[in-house]
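1. A structural model of the following input is requested.
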Amino acid sequence: MHEYSVVDSIVRPMLDAIQKRGAERADATQIGEVAAGTPGLVTLRSQIGARRILDLLSGEQLPRIC
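-> Residues are numbered from 1 along each chain as shown. Predicted coordinates:
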């Protein structure tokens, strides 16, 4: 799996280019955005619009794998 961080102005062209690279990449999608607010605070928004704070992992801080 590849992860990219891009500015808002090129999100759509970047996704289009990735999706054209083959069937295994056809479902590429934007999964988040960086917004002004409280530095270091990560919030999640559900499909129905509910928001919650993403807590720090307990124990060793390893990357989250989805």
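2. Helices along the protein, start to end?
-> 11-19 (DSSP state H).
3. Ranking helices and strands of it by mean pLDDT, which lands last?
-> One helix or strand of the chain scores below all others by mean pLDDT, DSSP states H and E: strand 43-45, with a mean of 85.
4. ok, it: who's next to it in the sheet?
-> strand 51-53 (antiparallel) (DSSP bridges).
5. Buried residues in the strand it pairs with, which are they?
-> Residues of strand 51-53 include none that count as buried (16 or more other Cβ atoms under 10 Å). In this view, the C-beta of every residue, glycine as well, is placed from N, C-alpha and C.
6. same check, this time on stretch 12-22
-> Neighbour counts over stretch 12-22 (16+ other Cβ under 10 Å) mark 15, 18 as buried.
7. what's in contact with that stretch?
-> Stretch 12-22 has contacts (Cβ atoms under 8 Å, 6 or more residues apart in numbering) with 4, 6, 25, 26, 27, 28, 29, 30.
8. State the number of residues packed around the second one.
-> Each residue near residue 6 was counted by other Cβ atoms under 10 Å, and the total is 11.
9. Please identify which pair of the contacts of stretch 12-22 lies farthest apart.
-> 6 and 26 (18.7 Å; Cβ to Cβ).
10. Could you list the low-pLDDT ranges of this protein?
-> 1, 64-66 (pLDDT under 70).
11. now with 80?
-> Along the chain, the parts satisfying pLDDT under 80 run over 1-6, 31-38, 56-66.
12. Relative to its centre, which residue of it is most distant?
-> Each residue of the chain has a distance to the centre, and by Cα atoms, centre = their mean the biggest one is for residue 59: 23.2 Å.
13. what's near enough to touch that residue?
-> Here residue 59 is in contact with no residue (Cβ under 8 Å, 6+ apart).
14. separation between it and residue 53?
-> Computed with Cβ to Cβ, to the nearest Å, the distance linking residue 59 and residue 53 is 19 Å.
15. again, but for residue 12
-> Taking Cβ to Cβ, one finds residue 12 at 29 Å from residue 53.
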